[in-house]
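Enquirer: here's my sequence, what's the structure:
(chains A, B, C, D, E and F)
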Protein chains: 4
Amino acid sequence: MSEQYDFLDLLSENKDNMTEKQKRILEAAVEIFSEKGYSATSTSEIAKKAGVAEGTIFRHYKTKKDLLLSIIAPTMAKFIAPIIMKDFYKVLSSDYQNIEDFLRAIIVNRMQFAKKHMPMVKIFLQEIPFHPELKEPFKEHVANQVFERLTLIIETYQKKGEIINLPSKSIIRFTATSILGFILARYLIFPEANWEDEQEIEMTIQFILHGISTSSLD
Amino acid sequence: MSEQYDFLDLLSENKDNMTEKQKRILEAAVEIFSEKGYSATSTSEIAKKAGVAEGTIFRHYKTKKDLLLSIIAPTMAKFIAPIIMKDFYKVLSSDYQNIEDFLRAIIVNRMQFAKKHMPMVKIFLQEIPFHPELKEPFKEHVANQVFERLTLIIETYQKKGEIINLPSKSIIRFTATSILGFILARYLIFPEANWEDEQEIEMTIQFILHGISTSSLD
Amino acid sequence: MSEQYDFLDLLSENKDNMTEKQKRILEAAVEIFSEKGYSATSTSEIAKKAGVAEGTIFRHYKTKKDLLLSIIAPTMAKFIAPIIMKDFYKVLSSDYQNIEDFLRAIIVNRMQFAKKHMPMVKIFLQEIPFHPELKEPFKEHVANQVFERLTLIIETYQKKGEIINLPSKSIIRFTATSILGFILARYLIFPEANWEDEQEIEMTIQFILHGISTSSLD
Amino acid sequence: MSEQYDFLDLLSENKDNMTEKQKRILEAAVEIFSEKGYSATSTSEIAKKAGVAEGTIFRHYKTKKDLLLSIIAPTMAKFIAPIIMKDFYKVLSSDYQNIEDFLRAIIVNRMQFAKKHMPMVKIFLQEIPFHPELKEPFKEHVANQVFERLTLIIETYQKKGEIINLPSKSIIRFTATSILGFILARYLIFPEANWEDEQEIEMTIQFILHGISTSSLD
DNA sequence: GATGAATGAGGATTCATTCAT
DNA sequence: TATGAATGAATCCTCATTCAT
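Expert: Numbering: from 1, shown residues only, chains lettered A, B, ... in the order given. Next up, the predicted model:
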């Protein structure tokens, strides 16, 4: 109830086709899935929270699983969207003068996303391991598309001499791990702690830079 | 069936009191919980895989939840055990000459644990968010005990001038994040990739060190 | 199936809201509960006799106990209803010239009730002792309301000199015992015996009168 | 726990053959059956209360039903025993000068029995209706033996002109009903009320006498 | 005789899904 | 489109009973 994640903009492709009830169903599903997990959530519970009849859910989503997919698929897409954007690698030469700015942009941007859509991110993280049919497209997109793009970017920076010559796979891991570690700690694990966001972001950037850039002096 | 995690040594306190059947129930439960999640696993499924009657499960574990707890509780305990060991902080002055050796020891040790008990770790990670009664003791032990110990250690190194003067909370996050990121990538997310463990460990250590030590020259 | 107690008029308050199936469930439950007792009756048995799916029972009654309560509560209410009717004690001065007519009216009236609703009365008698939460309201209503009313009536007759001066508690016991003893013998214990109802009623009335009225000449 | 009904003397025929454990099983069974009813009582519950292993019950009683029978059968026998005693009808001419003394003797005697063995009487009353195989011998003994004896006695008194000329069946009903009504009110329904036993007994006797004796002057 | 681990049929209840309205 | 009564398979769990020790 209470807060309302306007996660609906994640589903923009057909958001306009949605009835009011369908939106309420999705909202309710996101909220309960994220609290109790997909398996432990009953469709009648969703119906009740959404204020619709039990049957109504199945008018819009053939099965309970369909409802889950309709939440996860676009989340996954949007989560990696900025990275696989066609013009993403342009940033290298244009928008961002250096890796530091680049990292900062990524972190801030993904933090906003996480903050706004944490319930869906949580569902995503929880359910991915249990649904092989979700895993497949995920690996295909992330491990292939994202990885490929990032590798390109890193190699460019390496050629420019800004990043040390370690395998790009490792560079990606260090960076992703540090960023995700921060974001998950911030919004998922200890959301109620007192976070000095500005400061933590800077520290995290410096931590990463020290590890991957050729020279780093504060 | 198939592979057999000898996770039973996690429960060493009463392993000897266990019936043969009880052991088979635990093994089956660990395997299926880790594959499909607690909620999506039925007790009849566990019974079948364990080769016992369904009623037998409930002779040993009052409820399905009890069975889960009997798996998670000791896992949690053992997972953080090396860190809260009484003589753990002795390592500072004695066994390990420097942070590097210290980090290496931790990583290698926790990797072994993860490798051996990945199914239980997976259950732990998946179920913790959904069971507030599990969350509580976890936070109490980890966030308090572990955190406290690590803070002590870090401050000691900081006084010695080996670690930079950032908040120990952040130092812990950077380090933990990098280690866990590596271990989870290694054994949970991409276990089938070709990993050069030796090399990855060294790189990870160097990455962390660059970020947290006062002087780091490769 | 077989005979059909139209006990549904006991539940007249919401009889109209009931589905056809819900009615069949109640009928089946009354029949089997009365034959085998609540505990020994399975919901699958009720469903089968009612010709509905087992799940349907739980759509209408949250639990098996709820089903029992929905039978017992109104039975209890109706059983004592005529006695706690607002205008019941009016009978003293108006409708009934004397105790004899009064007793006759009560007996005939309660016999009709018992005859019509014996299965429910049986359930009531059998289950009351085992369900403290049923006992409470029963004692509160019967022991208080009924008792209070009857005491008033008896005292009135005593003042008129028609009933001997024993404690009204004892008068009530003698009378109730004789009436209930007759009704239970008639419809519960030996229903198949040849009963000359008219004659038995008169004898019972005379038996009571001899014991409680000041002068009794046949 | 607490109080201990020494109902075992009801089972005197083989009380001596009983092991200590068997006795404890019977005691536990009587207590729980009487509290919750036969069907709602589990053998494991009985075993626990008796302090024996679950299997032990079945060494002594082939089935749970057997255990019930071993409680009910002798209770039934003893309950009617004084009435069908061979020399019972002797009382007419010898011990008791008149019906009044006879009634008093019966009441006092059965009150003692009821007080001592109420849990078993309760089990008896509750379970008889649900076990046709118990009903049969009951009807055979009570309806035949007891009834036959009492009819003889009543007819004797009627010949002597002490009891009015109503059908003996009705006389029996009035009397039994009044006595049982008192005893059950006294020990089963309102055991915790303040009972003036002496007084209530006398009133009950007088109530019965007024109804069945030819002349009754207080 | 006594145990208690093991059983598997059966218990109450929940659930995703269907379909007539 | 929306409903919600109805379903029956599946769920967790209990139970009386058995049997090797």
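Enquirer: going forward, measure contacts between C-alpha atoms and count neighbours the same way
Expert: Noted.
Enquirer: the closest residue to chain C within chain A - nearest residue in space that isn't next to it in sequence?
Expert: Closest contact between chain A and chain C, by CA to the nearest CA, is at A:S44 (12.3 Å). Nearest residue to A:S44 in three dimensions, chain neighbours excluded: A:E54, at 5.6 Å (CA to CA, 6 or more residues apart in numbering or on different chains).
Enquirer: surely the one you found and A:I25 touch.
Expert: No. At 10.3 Å, A:E54 does not count as touching A:I25 under the criterion of CA atoms under 8 Å.
Enquirer: show me the contacts for the residue nearest to A:S44.
Expert: A:T43, A:S44, A:A47, A:K48 (CA atoms under 8 Å, 6 or more residues apart in numbering or on different chains).
Enquirer: three-state assignment of the third one?
Expert: When you say that, I think you mean A:A47. Using DSSP: H, G, I helix; E, B strand; the rest coil, the structure places A:A47 in helix.
Enquirer: could you report the neighbour count for it?
Expert: 21 (other CA atoms under 10 Å in any protein chain shown).
Enquirer: what's the separation between it and chain D?
Expert: To chain D, A:A47 is 36 Å away according to CA to the nearest CA, to the nearest Å.
Enquirer: any idea of the pLDDT on that residue?
Expert: Listed pLDDT for A:A47 reads 96.
Enquirer: my guess is it contacts A:I25. True?
Expert: Yes. Contact status for A:A47 versus A:I25: in contact at 6.8 Å, counting by CA under 8 Å.
Enquirer: how about the residue most central in space within chain A, what does it touch?
Expert: With distances taken as CA atoms, centre = their mean, chain A has A:F79 as the residue nearest its mean C-alpha position (3.5 Å). By CA under 8 Å, 6+ apart, the contact list for A:F79 reads A:R110, A:F113.
Enquirer: does the helix or strand hosting A:K115 reach DNA strand E?
Expert: Under the criterion of DSSP states H and E, A:K115 resides in helix A:99-127. No. Using CA under 7 Å from any atom of the strand, helix A:99-127 stays clear of DNA strand E, coming no nearer than 14.6 Å.
Enquirer: how does chain A divide into domains?
Expert: Taking automatic domain parsing as the domain assignment, the ranges for chain A are A:7-60, A:68-212.
Enquirer: out of those domains, nearest to C:L150?
Expert: Nearest of those to C:L150, taken as CA to CA: domain A:7-60 at 49.3 Å.
Enquirer: pull the distance from that closest one to the chain's centre.
Expert: Put simply, domain A:7-60 sits 20 Å off its chain's centre (CA atoms, centre = their mean, to the nearest Å).
Enquirer: got a pLDDT number for A:L103?
Expert: pLDDT for A:L103: 88.
Enquirer: for the one 5 residues further on, same thing?
Expert: The model reports A:V108 with a pLDDT of 90.
Enquirer: again, but for the one 10 residues further on
Expert: The score at A:M118 is 93. That number is its pLDDT.
Enquirer: list only buried entries from the contacts of A:E54.
Expert: Buried members of these, scored by 16 or more other CA atoms under 10 Å in any protein chain shown, are A:T43, A:A47.
Enquirer: could you dump the contacts of A:E54 to JSON lines with distance to DNA strand E?
Expert: Below are those laid out as JSON lines (distance: CA to the nearest atom of the strand, whole Å):
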{"residue": "A:T43", "distance to DNA strand E": "4"}
{"residue": "A:S44", "distance to DNA strand E": "5"}
{"residue": "A:A47", "distance to DNA strand E": "9"}
{"residue": "A:K48", "distance to DNA strand E": "11"}
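Enquirer: what about the closest residue to A:Y61 other than its chain neighbours, how many neighbours?
Expert: Sequence neighbours aside, A:L67 is the residue nearest to A:Y61 in space, at 5.6 Å (criterion: CA to CA, 6+ apart). Residue neighbour count, defined by other CA under 10 Å, stands at 20 for A:L67.
Enquirer: now name the helix or strand holding A:L67.
Expert: helix A:64-84.
Enquirer: how far off centre is that helix?
Expert: That offset, for helix A:64-84, works out to 9 Å (CA atoms, centre = their mean).
Enquirer: could you check the angle that helix makes with helix A:99-127?
Expert: Orientation of helix A:64-84 against helix A:99-127 (axes from the mean of the first three to the mean of the last three CA atoms, to 10 degrees) gives an angle of 170 degrees.
Enquirer: so does helix A:64-84 get close to DNA strand F?
Expert: No. Helix A:64-84 is not in contact with DNA strand F by CA under 7 Å from any atom of the strand; minimum separation 13.5 Å.
Enquirer: how about the secondary structure of A:N194?
Expert: Under three-state DSSP, A:N194 comes out as coil.
Enquirer: count of neighbours near it?
Expert: The local packing of A:N194 (other CA under 10 Å) involves 8 other residues.
Enquirer: name the residues contacting each of A:A47 and A:I25.
Expert: The contact sets of A:A47 and A:I25 overlap at A:I57 (CA under 8 Å, 6+ apart).
Enquirer: how much space is there between the residue of chain A closest to chain C and A:T63?
Expert: A:S44 is 13 Å from A:T63, where distance means CA to CA, to the nearest Å.
Enquirer: just A:R173 next, same as before
Expert: 37 Å.
Enquirer: same question, A:E200
Expert: Counting by CA to CA - A:E200 and A:T63 are separated by 43 Å.
Enquirer: part of a helix, is A:T41?
Expert: No. Residue state for A:T41 (three-state DSSP) corresponds to coil; a helix is not indicated.
Enquirer: kindly report the residues of chain A close to DNA strand E.
Expert: Checking chain A against DNA strand E by CA under 7 Å from any atom of the strand, the hits are A:39-44, A:54-56, A:58, A:62-65.
Enquirer: which of those residues count as buried?
Expert: A:S39, A:T41, A:T43, A:K64.
Enquirer: any chance of a markdown table for those, columns distance to D:N194 and pLDDT?
Expert: Shown next, in a markdown table, are those (distance: CA to CA, whole Å; pLDDT from 0 to 100):
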| residue | distance to D:N194 | pLDDT |
| --- | --- | --- |
| A:S39 | 59 | 96 |
| A:T41 | 56 | 97 |
| A:T43 | 57 | 97 |
| A:K64 | 63 | 96 |
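Enquirer: can I get the residues you listed in TSV with distance to B:L125?
Expert: Formatted as TSV, these follow (distance: CA to CA, whole Å):
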residue	distance to B:L125
A:S39	16
A:T41	19
A:T43	25
A:K64	24
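Enquirer: appreciated, that's everything.
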